[in-house]
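1. Just a sequence and a predicted model for now, questions to come.
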Amino acid sequence: MSYRAIQLQSFAGSFREGTKIITLPDTPPAAHEIRVRNICCGINAIFDTQITKNAVDYVKVNLPTLTGVEALGVVEAVGKDVTSFKIGDAVTTMRFRGGYRETNTGPATDFAPVPAATPDYLALSSTGVSALLALEYMGEAKPGDVVAISAAAGGLGHLIVQLAKLNGCHVIAVTSGGKKANLVKSLGADRVINYKTEDVAAVLAAEYPGGLNIAIDTVSGAVFDAFLANMAQHGRLVVAGAATDMDGQPEIITGPRITHAIYYKGVSIRGFMNGLLGHLWADARDKLFAHYAAGRLKIVFDEMTFTGLEGIYGAIDRLLSGQSIGKVIVHLAPTPPKNLWQEPPK
């Protein structure tokens with residue numbers, strides 16, 4: 001038996017340039033291991049691009065290496081001494097090298113159980129955990145906080161919007177118009193700023209003179225500057241990405257040092273990297289699953305459909321284009337047999 005996977009073979013300027021689909025033997029799980037048939041995977045295009053450039057500081061990349069991070073699947077084999085999983089269980093993994101492959105054999109501790117083998121639980125286990133920890137752990141959200149979110153209609157952003165509302169916050173969603181604006185409005189955003197037609201900094205200054213208690217930014221550039229200039233006393237600016245600086249050449253600007261923006265207000269700027277907070281993932285998943293089961297969270301997937309390992313390349317391009325709405329995933333296999341399937345909660 002064999003399976004296919006995407007392997008990074010050389011460092012390059014793009015994921016497509018540096019990788020190749022290869023075939024590998026499908027080995028049985030050893031003691032304490034399980035083998036999972038992946039059903040779908042989540043796309044982390046910026047991380048993928050940076051890994052291809054060997055630009056992720058906390059990940060040591062030894063070539064060649066398999067790629068991808070997050071996947072959802074069904075256990076199809078269990079090694080000796082594994083008691084936490086059985087054949088047919090639905091599981092997710094958030095470990096680098098676990099995503100862009102048809103099957104995944106590894107330590108049982110690399111996987112987490114989920115209630116059903118549905119894409120919603122992939123999104124909750126990965127992007128949902130990031131959203132919750134960025135808002136509640138790094139941002140220390142509390143009722144009444146004014147929260148601004150960039151890229152608010154994206155996979156991460158649309159979940160932060162909902163979680164902020166569940167925390168009793170006033171939500172400012174920064175996105176473009178059209179479908180993206182309509183989505184975040186439907187999810188409860190109190191103010192939608194169309195960054196293509198409105199000056200974000202000017203809107204914040206005019207409409208929110210008290211400032212932002214929390215700002216969560218994944219964009220950098222002018223949006224980061226607008227958030228920083230409009231923080232409240234003791235505000236928390238959470239940096240969860242820097243999409244505009246993805247080429248490794250951050251914009252060089254001339255202006256007052258950042259200390260002038262944070263010192264007199266007691267503002268903090270906090271870097272958020274979900275991969276460094278693994279000890280918090282299990283509790284975060286439990287909380288998210290409870291919200292979802294109670295109907296308090298809606299998972300939105302991009303309207304474009306991608307299938308098979310070959311589809312991963314197009315999915316990465318789609319996310320990097322800035323046109324996607326919600327979570328971008330790729331379907332790697334048909335849904336599992338009926339006896340392995342559990343309907344998601346209504």
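-> Looks like it arrived, so ask away.
2. Going by C-alpha atoms from here, please, whenever you check contacts or count neighbours.
-> Fine.
3. Determine how far stretch 324-336 lies from the middle of the whole chain.
-> 14 Å (Cα atoms, centre = their mean, to the nearest Å).
4. Going along the chain, name the helices of the stretch 51-200 of the chain.
-> For the stretch 51-200 of the chain, the helices identified by DSSP state H, counting those that start in this stretch occupy 119-123, 129-132, 157-166, 179-186, 200-207, in order along the chain.
5. and V267, which of the ones you listed is closest to it?
-> helix 200-207 (16.4 Å; Cα to Cα).
6. what helices or strands is the closest one leaning on?
-> Packing partners of helix 200-207 (3 or more Cα pairs under 8 Å, 6 or more residues apart in numbering; DSSP states H and E): strand 191-194, helix 221-229.
7. Please identify which of the ones you listed is closest to I299.
-> Across the helices and strands packed on helix 200-207, closest to I299 is strand 191-194 (Cα to Cα), at 19.4 Å.
8. Sheet partners, orientation included, of the closest one?
-> Paired strands of strand 191-194, with direction, are strand 170-175 (parallel) (DSSP bridges).
9. In CSV, list the helices of the stretch 51-200 of the chain along with mean neighbour count, distance to I329 and mean pLDDT.
-> Formatted as CSV, the entries for the helices of the stretch 51-200 of the chain read as follows, by neighbours: other Cα atoms under 10 Å; distance: least, Cα to Cα, whole Å; pLDDT from 0 to 100:
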stretch, mean neighbour count, distance to I329, mean pLDDT
helix 119-123, 24, 8, 97
helix 129-132, 26, 16, 98
helix 157-166, 25, 15, 98
helix 179-186, 18, 18, 97
helix 200-207, 15, 30, 98
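10. out of the ones you listed, nearest to K53?
-> Closest approach to K53 among the helices of the stretch 51-200 of the chain is made by helix 129-132 (23.2 Å; Cα to Cα).
11. Show me how far the closest one is from its chain's centre.
-> Its chain's average C-alpha position is 8 Å from that of helix 129-132, according to Cα atoms, centre = their mean.
12. starting at the chain centroid, how far to stretch 16-36?
-> Distance, stretch centre to chain centre, for stretch 16-36: 23 Å (Cα atoms, centre = their mean).
13. got a list of contacts for that stretch?
-> The contact list for stretch 16-36 (Cα atoms under 8 Å, 6 or more residues apart in numbering) reads 1-12, 52, 73-82, 91, 103-108, 309, 313.
14. Count the neighbours of G188 for me.
-> Per other Cα atoms under 10 Å, the neighbour tally for G188 reads 18.
15. Find the least confident helix or strand in the chain, judged by mean pLDDT.
-> Each helix and strand of the chain was given a mean pLDDT (mean pLDDT, DSSP states H and E); the minimum falls on helix 259-262 at a mean of 89.
16. Quick check: next helix or strand after it?
-> Along the chain past helix 259-262, the next helix or strand (assigned with DSSP states H and E) turns out to be strand 268-271.
17. Tell me which strands that next one pairs with, and in which orientation.
-> Sheet partners assigned to strand 268-271 using DSSP bridges are listed as strand 231-239 (parallel).
18. Mind listing residues that contact the partner strand?
-> With contacts defined as Cα under 8 Å, 6+ apart, strand 231-239 is touched by 134, 138-139, 210-218, 227-228, 265-272.
19. about what we covered before: which of the helices of the stretch 51-200 of the chain sits closest to R257?
-> helix 200-207 (18.1 Å).
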